[in-house]
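Q: take a look and give me a structure for this.
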Amino acid sequence: MNRHGWSRTTAYAAGAVVLLAAATGCAGGGDSGAASAALVAPSTTTAPAGSAAPPGRDTATAPPAPPAPAAGDAAAWAKWHLTPLPPAPRAPADKPVKLQRTGPVPVFSEVRTTDKVVFVTIDDGAEKDPAFVEMLTDLKVPVSMFLTRDIVKDDYGYFKRLQALGNHVHNHTVDHAQLSRAAPEKQKSEICDAQAALTQQYGTPPLLFRPPYGDGANTPAVNSAVQQCGPRAIVLWRESMQIHDMQYQAADKKLRPGDIVLAHFRGPKDLKGETMTQMFGELLARIQEQGFTVARLEDYIEVPAA
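A: The predicted structure follows:
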């Protein structure tokens with residue numbers, strides 16, 4: 001356990017390598033895992049002791065902290081053939097994740113908490129299904145969006161509708177490049193250009209960054225690029241949603257309090273005929289089966305002071 005509030009392994013060191021295979025957490029979508037198995041075994045990473053703390057973030061433009069989401073009413077859930085999740089607990093006053101203004105950024109895939117909650121994150125932005133906006137409006141389930149600029153730029157407005165529900169926009173590069181294979185200048189442009197575009201479109205600089213496939217997350221080069229571009233942490237995941245079930249990194253295939261779950265904006269083309277809302281409903285059912293509810297990730301993060 002460490003002062004930033006992350007548990008399990010700590011591994012910020014030069015040369016640390018993210019596991020990468022043929023299938024990825026940001027490609028494909030089949031349950032077999034052949035198309036979209038997570039390529040990363042995320043480790044929780046913190047800056048070395050005595051290092052400067054992460055580049056500053058203007059608190060005047062920091063995202064507002066919405067109240068803990070309600071579970072929505074039973075009729076709204078029944079409309080989607082679901083049973084309501086319990087409401088998320090009140091957001092902790094003492095945030096377990098405390099980001100710094102300057103220096104190396106931490107890498108984490110879970111949040112230290114005893115609350116029986118998980119955090120849902122959705123990547124890329126290819127599927128722009130209006131029914132999904134309707135679903136989140138009805139159910140009031142919070143998500144964190146990691147958007148890829150060139151995938152969302154044809155309809156920035158779609159994600160503004162999701163943002164208006166209290167969901168935060170974060171950085172997932174310009175064009176979904178595999179960063180470990182890119183030169184440092186390319187790594188920086190992938191992150192900085194996306195940061196600028198998303199800030200312009202959504203009014204708030206993204207606080208968090210997720211590298212495509214989790215690739216390069218623990219390397220000094222990517223960490224340096226993230227510092228220069230503005231996000232204050234790199235976020236990975238413990239589980240990845242496929243179509244009907246999750247892929248788990250834990251051998252016992254069980255959720256744990258504070259786990260971060262990866263999903264994608266995908267539709268029938270990538271989900272073997274299933275819709276985005278059907279996939280998301282399956283995700284909520286799997287979370288509920290294990291006795292968990294969904295909380296807002298940003299409610300557990302302390303934004304750096306100016």
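
Q: rest of the way, CA atoms for contacts and neighbours
A: Fine.

Q: where is the longest helix in this protein?
A: helix 184-202 (DSSP state H).

Q: list the helices and strands the following helix or strand past that one packs on?
A: Sequence-wise, the next helix or strand downstream of helix 184-202 (DSSP states H and E) is strand 208-209. Under the contact criterion of 3 or more C-alpha pairs under 8 Å, 6 or more residues apart in numbering; DSSP states H and E, strand 208-209 touches strand 168-171, strand 233-235.

Q: for residue 203, which of those is the nearest?
A: Among these, strand 168-171 comes nearest to residue 203, with 9.8 Å by C-alpha to C-alpha.

Q: list the buried residues for the closest one?
A: 168, 169, 170, 171 (16 or more other C-alpha atoms under 10 Å).

Q: make CSV from these and add distance to residue 154 and pLDDT to it.
A: As requested, the buried residues of strand 168-171 are exported to CSV (distance: C-alpha to C-alpha, whole Å; pLDDT from 0 to 100):
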residue, distance to residue 154, pLDDT
168, 19, 98
169, 16, 98
170, 17, 98
171, 17, 98
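
Q: now those residues as JSON lines including distance to residue 161?
A: Putting the buried residues of strand 168-171 into JSON lines (distance: C-alpha to C-alpha, whole Å) gives the following:
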{"residue": "168", "distance to residue 161": "11"}
{"residue": "169", "distance to residue 161": "11"}
{"residue": "170", "distance to residue 161": "15"}
{"residue": "171", "distance to residue 161": "18"}
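
Q: ok, the residues you listed vs residue 281, which is closest?
A: Set against residue 281, the nearest of the buried residues of strand 168-171 by C-alpha to C-alpha is residue 168 (20.4 Å).

Q: find the nearest non-adjacent residue to the closest one, please.
A: Using C-alpha to C-alpha, 6 or more residues apart in numbering and skipping the chain neighbours, the partner closest in space to residue 168 is residue 144 (5.3 Å).

Q: one more: residue 162?
A: Counting by C-alpha to C-alpha, 6+ apart, residue 133 is the residue found nearest to residue 162 once chain neighbours are left out, at 6.2 Å.

Q: I'd say that neighbour and residue 161 touch.
A: Yes - between residue 133 and residue 161 there is a contact at 7.0 Å, judged by C-alpha atoms under 8 Å.

Q: thinking again about what came up before, can you get me a residue count around the residue nearest to residue 168?
A: Counted with other C-alpha atoms under 10 Å, residues neighbouring residue 144 total 22.

Q: how near is it to residue 170?
A: Going from residue 144 to residue 170 by C-alpha to C-alpha, to the nearest Å gives 7 Å.

Q: which parts of this structure are strands?
A: Remark: strands assigned in the chain by DSSP state E are 97-98, 107-108, 117-124, 144-147, 168-171, 208-209, 233-235, 239-241, 246-248, 260-264, 293-295, 301-302.

Q: burial check on the closest residue to residue 299 other than its chain neighbours, number of neighbours?
A: Nearest-residue entry for residue 299: residue 91, 5.6 Å, with adjacent residues in sequence omitted and distances by C-alpha to C-alpha, 6+ apart. Residues lying near residue 91 (other C-alpha under 10 Å) number 20.

Q: from residue 234, how far out is residue 91?
A: Using C-alpha to C-alpha, residue 91 is found at 21 Å from residue 234.

Q: next: residue 290.
A: For residue 290, the distance to residue 234 (C-alpha to C-alpha) stands at 27 Å.

Q: who's more crowded, these two?
A: Neighbours were counted for residue 290 and for residue 234 using other C-alpha under 10 Å; residue 234 has more, 24 against 12.
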